[in-house]
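Asks: structure here, sequence nowhere to be found:
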């Protein structure tokens, strides 16, 4: 794990966050901000709660990710106040008041019922509230999750501070350890479920602490983009393994995908070719680059890979223009990453909310922004054998550009995706994921 001190990076991060928020509050007509951490909903007709997922706006301020009903209060010119929920409860163990060095930068206040804390902001003027509306008692309804303020904060959030970047490097290191453990499970003949459990153990995180549900897919299951099941028994023949899984560190996510072939052959050659193409695409993540162009470049590069491997008969640009690449690569090349896996603000062109449109014919691209230093994105090209998309292509003129015998040969392997987390810089991009795998080798 990196030796950079997060304690030294946190205070400058908080200062940057305060500056951004003060500016956004002023432009949106507010004097102060209340952020509620949220609370887990109860299961239907039950007295048990769903796993708690903290409000991302809250965990941007403080690394408290596992204690519901906490509150951050920020009033420009004052230190942030953190109302730390410590209920009088004998059914559950109340959270301990944090003692970490980061607490020296905020006013930490233990409260058994933060919903009664309205007096702390009653005289601060017009107060904005961000969080679940059910906890906004005493707040003007027009000031609850105001769109104008949220848009400004979301636009700024794309550029990460040094503290955030270091948290994400560490999240990548945790995930790299998990990926190595899951691959070893696959190589030993374990089931999808067993590979998933070994991943969690290697990351030392519970399932509810994962930033998203792990995708652990063998063989044909790899063709399902968000495959959601975990088979308890291994298939009779292990042909391929796709794992899309991340980790969290202080609330910041990693999002990594790797694909493996069980042995040599055309699919192994496809994995190797896609990995090489993915590395080239990662080099496109530099400041001043339009991410829409990265996406279109990905289609051209993948079109060349498809032709090289024998799937298609057209080179990349021609395959893109004929709509052939989308048959095998139906999603966007990547998205913003940070406090959320699909971080917000991906299509914003400015802080006023004007959007940058997706390229025509590419509705699933989540990121259309110009890249800036400090922006973290995923780069995740994929080539899949998806029945519904193949059937649609076979029914129109695209069928002439596809070698259907190669399609049938590769279908039992499902698909391949390679995904890294990359930081845009003014020069050479920082590939957090490849660096993490190198450090944990």
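Replies: Everything's here; your move. Note that this is a predicted model, so its numbers are computed, not measured.
Asks: just how off-centre is the longest helix belonging to the chain within its chain?
Replies: Under DSSP state H, the helix in the chain containing the largest number of residues is helix 162-187. Mean-position distance between helix 162-187 and its chain equals 13 Å (CA atoms, centre = their mean, to the nearest Å).
Asks: do stretch 274-287 as well
Replies: 18 Å.
Asks: quick check: mean pLDDT of that stretch?
Replies: Averaging pLDDT along stretch 274-287 yields 97.
Asks: which stretches of the stretch 201-350 of the chain form strands?
Replies: 215-218, 240-245, 248-249, 252-253, 256-261 (DSSP state E, counting those that start in this stretch).
Asks: most packed of those strands?
Replies: The highest mean neighbour count among the strands of the stretch 201-350 of the chain, using mean count of other CB atoms under 10 Å, belongs to strand 252-253: a mean of 28. C-beta here means a position set from N, CA and C on the backbone, and glycine is covered the same way.
Asks: that strand pairs with which strands, parallel or anti?
Replies: Within its sheet, strand 252-253 is paired with strand 248-249 (antiparallel), according to DSSP bridges.
Asks: roughly how far apart are the residue in the chain sticking out farthest from the centre and residue 32?
Replies: Ranked by distance from the centre of the chain (CA atoms, centre = their mean), the top residue is residue 123, with 38.1 Å. According to CB to CB, to the nearest Å, residue 123 stands 10 Å off from residue 32.
Asks: residue 213 now?
Replies: Residue 213 sits 37 Å away from residue 32 when distances are taken as CB to CB.
Asks: in a strand, residue 128, correct?
Replies: Yes. Applying DSSP: H, G, I helix; E, B strand; the rest coil, one finds residue 128 inside a strand.
Asks: does it touch residue 30 like I think?
Replies: Yes. Under the criterion of CB atoms under 8 Å, residue 128 makes contact with residue 30 at 4.2 Å.
Asks: now list whatever residues contact both of those two.
Replies: 143, 146, 149 (CB atoms under 8 Å, 6 or more residues apart in numbering).
Asks: where exactly do the helices run in the protein?
Replies: With helices called from DSSP H, the chain shows them at 6-28, 56-59, 147-157, 162-187, 192-203, 266-282, 291-309, 316-321, 325-328, 387-394, 404-410, 432-439.
Asks: next, the angle from the last one to helix 162-187.
Replies: Using axes from the mean of the first three to the mean of the last three CA atoms, to 10 degrees, the direction of helix 432-439 lies 60 degrees away from that of helix 162-187.
Asks: also the third one?
Replies: Computed with the same axes, to 10 degrees, the direction of helix 147-157 lies at 70 degrees from that of helix 162-187.
Asks: tell me which residues in helix 147-157 are buried?
Replies: By 16 or more other CB atoms under 10 Å, the buried positions in helix 147-157 come out as 148, 149, 150, 151, 152, 153, 154, 155, 156, 157.
Asks: for the last one, same thing?
Replies: Under the neighbour-count criterion of 16+ other CB under 10 Å, helix 432-439 has 432, 433, 434, 435, 436, 437 buried.
Asks: which residues touch the last one?
Replies: Translated: residue 437. Residue 437 neighbours (CB under 8 Å, 6+ apart): 176, 179.
Asks: what's the offset of stretch 210-217 from the middle of its chain?
Replies: 11 Å.
Asks: ok, and what's touching it?
Replies: So stretch 210-217 is contacted by 171, 182, 192-193, 195-196, 199-200, 224, 226-228, 230, 241-248, 253-255, 257, 340-341, 414 (CB under 8 Å, 6+ apart).
Asks: next one: stretch 338-358
Replies: Under CB under 8 Å, 6+ apart, the answer for stretch 338-358 is 24, 56, 59-60, 147-148, 151-152, 154-158, 160, 164, 168, 211-212, 246, 251-253, 255, 292, 335-337, 365-370, 376.
Asks: okay, residue 128 and residue 30: which has more neighbours?
Replies: Neighbours per residue (other CB atoms under 10 Å) separate residue 128 from residue 30, with residue 128 holding more: 27 against 21.
Asks: for that one, report the pLDDT, please.
Replies: So, for residue 128, pLDDT stands at 97.
Asks: beta partners of it?
Replies: If you apply DSSP bridges, the partners that residue 128 bridges to are residue 33.
Asks: gap between it and residue 32?
Replies: Distance from residue 128 to residue 32, counting by CB to CB: 7 Å.
Asks: pull the most distant pair out of the buried residues of helix 147-157.
Replies: 148 and 157 (15.3 Å; CB to CB).
Asks: need the contact list for the residue nearest to residue 39 when sequence neighbours are not counted.
Replies: Leaving aside its sequence neighbours, residue 39 sits nearest to residue 68 (CB to CB, 6 or more residues apart in numbering; 4.0 Å). Contact analysis of residue 68 by CB under 8 Å, 6+ apart lists 37, 38, 39, 40, 52, 54, 85.
Asks: let me have the shared contacts of residue 128 and residue 30 in a markdown table, adding distance to residue 178 and pLDDT as columns.
Replies: Listed next are the shared contacts of residue 128 and residue 30 as a markdown table, based on distance: CB to CB, whole Å; pLDDT from 0 to 100:
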| residue | distance to residue 178 | pLDDT |
| --- | --- | --- |
| 143 | 41 | 96 |
| 146 | 39 | 97 |
| 149 | 37 | 98 |
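Asks: which positions within stretch 299-310 qualify as buried?
Replies: Neighbour-count burial for stretch 299-310 flags 299, 300, 301, 302, 303, 304, 305, 306, 307, 309, 310 (criterion: 16+ other CB under 10 Å).
Asks: roughly how far does the residue nearest the centre of the chain sit from residue 156?
Replies: The chain has residue 341 as the residue nearest its centroid, 1.7 Å off, counting by CA atoms, centre = their mean. Residue 341 sits at a distance of 19 Å from residue 156 (criterion: CB to CB).
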